[in-house]
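**Q** Have a look at this prediction, sequence included:
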Amino acid sequence: ALGPERGAALSFDGRDGRPRLLWAQAAGAGPVPARLLPPARGLDAAPVPALGGRGALRRVVGPDGEVWQEVAWTADGRGLVLRTRGGVEEALRMARSARGER
């Protein structure tokens, strides 16, 4: 996405052909541009201390009606968002791997 709020998003389908994973990142300092994220209704949220205290985990209902796990955090001033139809541990493991944590 170009313009004043720049960023990129990647979407991956599962073996069943349905969306399974979304990764979005701001291109510079600031949050992920909202236009890169499909609409979602939040169900609940919790802080994620493993991401430097700047992260949040929440369950959201995506446009497909499915419950997704969403991890949103800031690294080096850039917003990052990971959404997956997988479990909580999978989402946290992927987010930590983006930071080089184990």
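**A** Nice, thanks for sending it over. Numbering: from 1, shown residues only.

**Q** Would you mind naming the helix or strand containing the closest residue to residue 43 other than its chain neighbours?
**A** Among residues not flanking residue 43 along the chain, residue 59 sits closest, at 4.3 Å (C-beta to C-beta, 6 or more residues apart in numbering). From N, CA and C alone the C-beta is placed, and that goes for glycine too. With elements delineated by DSSP states H and E, residue 59 resides in strand 55-61, which encompasses its position.

**Q** now swap in residue 97 and tell me
**A** helix 88-98.

**Q** I'd like the average pLDDT over that helix.
**A** When pLDDT is averaged along helix 88-98, the result is 88.

**Q** now do stretch 14-32
**A** 94.

**Q** for residue 8, phi and psi?
**A** Main-chain dihedrals, residue 8, degrees, to the nearest 10: phi -140, psi 150.

**Q** can you pull the contacts of it?
**A** Listed by C-beta atoms under 8 Å, 6 or more residues apart in numbering, the contact set of residue 8 reads 1, 24, 25, 27, 36.
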